[in-house]
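1. need the 3D shape of this:
(2 chains)
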Amino acid sequence: MDIIVCLFLFAGLFFFTGGSVGILRFPDFYSRLHPAGKLATLGSFSAIAALALFNLHQFSLAALLTSVKILLLVVFVFLTSPTATHAIVDAGVRAGLTPWTKGEKRR
Amino acid sequence: MHTKGFLLDTKEHKNFNLSPSPAPIEADSSAPSRKGNRLNFYPFAFTFIIMFGIWILLSGKFDPFHLTLGLISCAIVSYLSSDLLFPSLKIRGFFGQWLRFIKYIPWLMIQIMKANLHVLYLTFHPRMMELIDPKIVRFRSRLKSDLALVTFANSITLTPGTITVDVSIHGDFRVHAIDKASGDPLPGEMEERIARAFGET
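-> The predicted structure is shown next:
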C-alpha cells in the first residue's frame, strides 16, 4: 500500500517537474500553455490519488467519505482546467499575439 | 442497435433551447393537463438523487436532523433547477446516454496519459526546438449539439499537445497543436467516440 502511494506521489512530482521545466523551455506563450495546463492535470491526478489512497489506510466509512471528497477535487480540476486554459488562449488571440512557428527566434 | 433512440436524441438536441420549454409531449400521452410549464417528474427525480448524493457525501452525517435538512434543501434546489441540468432529455435514451458517456471517460483518461507522456518526452528532449512545430489546425466537426461540442472542445484541451483556441456554434474548430504527432489525428477517433457517446452517429 505504502509503495503504491509513494509511486503515485513520485509520479505526480515528476509530472509537476516536467510541467515547470516545460514552461521554461518552450518558445512562446501558446506552446508554454501546453506543459503548464497539461502535465499539471496528470500530476495533480497522481498526487491526489496518492492522498486518497493514503487516507484509506485505516478503512472506515469516514475515511472512505474523505477519500471520495478528495477524488472529487480531481473531477473539478479536470472540468475547470481546460476552461481556464481556453480562456487564456482566447485572451492571447484577442490581443493579437501570433503563434510561434518553426524557425523563428524564441520569445 | 439502438438506432431509433439515437435519431430521437439528435432531433431533440437540435431543438435545444434554454427557456423552460414545454416538455416534448409523447404521442400516447392522453392527459391534456400535462402541458405548459408543469414540472417534469423524471428530471426532477434525477436532479434530486444527484443533489442528495452530493449532500450525503459532503456532509457525512447520518442523523435524522441533517438528513431532513438535506431533503428539504435538495428538493427546493432541484425544483428550481431541474430543467437546467437536463434541458430537453426524455426519459428514453437518458440512461443510455449517461452510460455511454461514462464509458467514454476511461478512454479519455488513457489518451490523456499517453499524450502527457509525449509532451513530457518533448519537454525533456535536448533538441526540443527542432522537434516541436506549433501550428493552428482548422477543421469542421460534424457534431451538432452544444453539449457534444463543449465536451469535444474540453477533451481536446485536456489532451496535452492540443488546445482549443476557438469553437463556433456550427462546429468550426481552431486548435493549437504543439507538433505534428498531436495535431494530425485530430478530428479522428475522439470525435467518433463523442458522437457515439451523445448518440450522433
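
2. the lengthiest helix in chain B packs against which elements?
-> For chain B, the helix reaching the highest residue count under DSSP state H is reported as helix B:94-124. On a contact count with 3 or more C-beta pairs under 8 Å, 6 or more residues apart in numbering or on different chains; DSSP states H and E, helix B:94-124 meets helix A:2-25, helix A:29-55, helix B:146-158, helix B:180-183, helix B:188-197. (Glycine included, C-beta is placed from N, CA and C.)

3. in it, what counts as buried?
-> With burial defined by 16 or more other C-beta atoms under 10 Å in any protein chain shown, the residues of helix B:94-124 counted as buried are B:94, B:97, B:100, B:104, B:108, B:111-112, B:115-116, B:118-120, B:122-123.

4. turn the helices and strands packed on helix B:94-124 into JSON lines, including distance to B:Phe65, mean neighbour count and mean pLDDT.
-> Listed next are these as JSON lines, based on distance: least, C-beta to C-beta, whole Å; neighbours: other C-beta atoms under 10 Å in any protein chain shown; pLDDT from 0 to 100:
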{"stretch": "helix A:2-25", "distance to B:Phe65": "37", "mean neighbour count": "16", "mean pLDDT": "87"}
{"stretch": "helix A:29-55", "distance to B:Phe65": "27", "mean neighbour count": "22", "mean pLDDT": "83"}
{"stretch": "helix B:146-158", "distance to B:Phe65": "38", "mean neighbour count": "21", "mean pLDDT": "80"}
{"stretch": "helix B:180-183", "distance to B:Phe65": "53", "mean neighbour count": "16", "mean pLDDT": "68"}
{"stretch": "helix B:188-197", "distance to B:Phe65": "41", "mean neighbour count": "17", "mean pLDDT": "75"}
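
5. how about JSON lines for these, with distance to B:Asp172 added?
-> Shown next, in JSON lines, are those (distance: least, C-beta to C-beta, whole Å):
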{"stretch": "helix A:2-25", "distance to B:Asp172": "29"}
{"stretch": "helix A:29-55", "distance to B:Asp172": "19"}
{"stretch": "helix B:146-158", "distance to B:Asp172": "10"}
{"stretch": "helix B:180-183", "distance to B:Asp172": "16"}
{"stretch": "helix B:188-197", "distance to B:Asp172": "13"}
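
6. ok, which residues in chain B are in contact with chain A?
-> Chain B comes close to chain A at residues B:57-58, B:60, B:112-113, B:115-116, B:119-120, B:122-124, B:128-129, B:132-136, B:153-155, B:157-161, B:163-166, B:176, B:178, as judged by C-beta under 8 Å from any C-beta of the partner chain.

7. can you rerun that using 6 Å?
-> B:57, B:60, B:116, B:119-120, B:123, B:133-134, B:154, B:157-158, B:160, B:163-165, B:176, B:178 (C-beta under 6 Å from any C-beta of the partner chain).

8. the one helix or strand A:Ala91 maps to versus helix B:146-158: what angle between them?
-> Element membership for A:Ala91, per DSSP states H and E: helix A:61-94. Orientation check (axes from the mean of the first three to the mean of the last three C-alpha atoms, to 10 degrees): helix A:61-94 against helix B:146-158 gives 90 degrees.

9. report the buried residues of helix A:61-94.
-> A:65-67, A:70, A:74, A:77-78, A:81-82, A:85-86, A:88-89, A:92-93.

10. just to revisit the earlier point, closest one to B:Ala45 among the helices and strands packed on helix B:94-124?
-> Among the helices and strands packed on helix B:94-124, the nearest to B:Ala45 by C-beta to C-beta is helix B:146-158 (20.6 Å).

11. helix, strand, or coil at B:Ile163?
-> Secondary structure, DSSP: H, G, I helix; E, B strand; the rest coil: B:Ile163 is strand.
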